[in-house]
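> Sequence first, then the predicted structure, then my questions.
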Amino acid sequence: MRIRGGRRGALAITAVALLAPALRRTAVPIHVDPARELAEQLREAARESKGHAGSTPLLAARLRPVAGAFALDVDGQAATQISALDEDFSGQMDGTWVGGASLTAGKWLLRAPFWTPKEWDVALHHRKSPIFLNEGYPLTLDEEFEFTLPARAEPEPLPGTNQNLDGPLQWRTEWARVGNDKLSARFHAELARGEMSLAESAEFQKQLRELLTALAGGVAFSVPR
């Protein structure tokens, strides 16, 4: 998974998952602009991870996957020197994606391991005060996952594009075929600002619930014997 930081609060993730034969191997390269608040959090996570033998994925400092969990391999994580503040933050995570693909009645259900901010979970609860996210700054998420299917896999029709074009949380999700043996899943979200009014907070919660419902969907496929 490659992560790139743009303007403050922007985050882009690209990853490749190999589904055959284990349906779960994932390699995760990381790249983040050093001047961004996210880079600071990941540097801190790298510092803490080094003290715990690299047992915590760097992305978990701020994000969580909506499907399954990412388990690091032994020595499966490396990152830019923590002291290299003048360099882009970059790294690599290798491990196993657990729980993102399940087999029922001879068919696999594949869900994309999109990552969303942990603080969004807290924002879902009933509240009497306005929502304040991302230290008040805008946030952009761009994520893409590409899956290599097992040989002879037969995917069912892909989900259509889901999207919301109204603020404060605009988002879009889509699946696509890539050649004969690959699928891609894309997710884009924009939060216009992190500091919201009560009315905007209520609308954000509604839009976030719709987004999480869309992200929970997946693609079914079978593998003839």
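Received it, and whenever you're ready, just let me know what you need.

> Please make it C-alpha for all contacts and neighbour counts, starting now.
Noted.

> residue ranges with poor pLDDT in this structure?
1-55, 74-93 (pLDDT under 70).

> any idea which helix is longest in it?
helix 198-215 (DSSP state H).

> buried ones in stretch 142-159?
142-150, 153-155 (16 or more other C-alpha atoms under 10 Å).

> Closest one to residue 213 out of those, please.
residue 143 (16.9 Å; C-alpha to C-alpha).

> Can you tell me the SS state at the closest one?
Classification of residue 143 by DSSP: H, G, I helix; E, B strand; the rest coil places it in strand.

> so it bridges to which residues?
Judged by DSSP bridges, the bridge partners of residue 143 are residue 13, residue 187.

> same thing with residue 109?
residue 102, residue 220.

> Determine the number of other residues adjacent to it.
16 (other C-alpha atoms under 10 Å).

> do the one 4 residues further on as well
Burial of residue 113, expressed as a neighbour count using other C-alpha under 10 Å, amounts to 26.

> Assumed it was part of a strand.
No: assessed with three-state DSSP, residue 113 is coil; it does not lie in a strand.

> show me what contacts it?
65-68, 100, 145 (C-alpha atoms under 8 Å, 6 or more residues apart in numbering).

> Run through who's touching stretch 211-225.
So stretch 211-225 is contacted by 66-67, 106-112, 114, 150-159, 162, 171, 173 (C-alpha under 8 Å, 6+ apart).

> Could you list the buried residues of that stretch?
211, 214-215, 218-222.

> Residue 189 is in contact with residue 172, isn't it?
Yes: when contacts are counted by C-alpha atoms under 8 Å, residue 189 is listed as touching residue 172 (6.5 Å).

> Could you check which of those two has the larger neighbour count?
Set residue 189 next to residue 172 and count neighbours by other C-alpha under 10 Å: residue 189 wins out with 21 against 18.

> List the contacts of the more buried one.
Taking C-alpha under 8 Å, 6+ apart as the test, what residue 189 contacts is 139-142, 169-172.

> Is it within a helix or a strand, and which one?
Counting by DSSP states H and E, the element that carries residue 189 is strand 182-191.

> do the same with residue 158
Under the assignment given by DSSP H and E, residue 158 is not contained in any helix or strand.

> For it, list the residues it contacts.
Counting by C-alpha under 8 Å, 6+ apart, residue 158 has contacts 175-176, 219.
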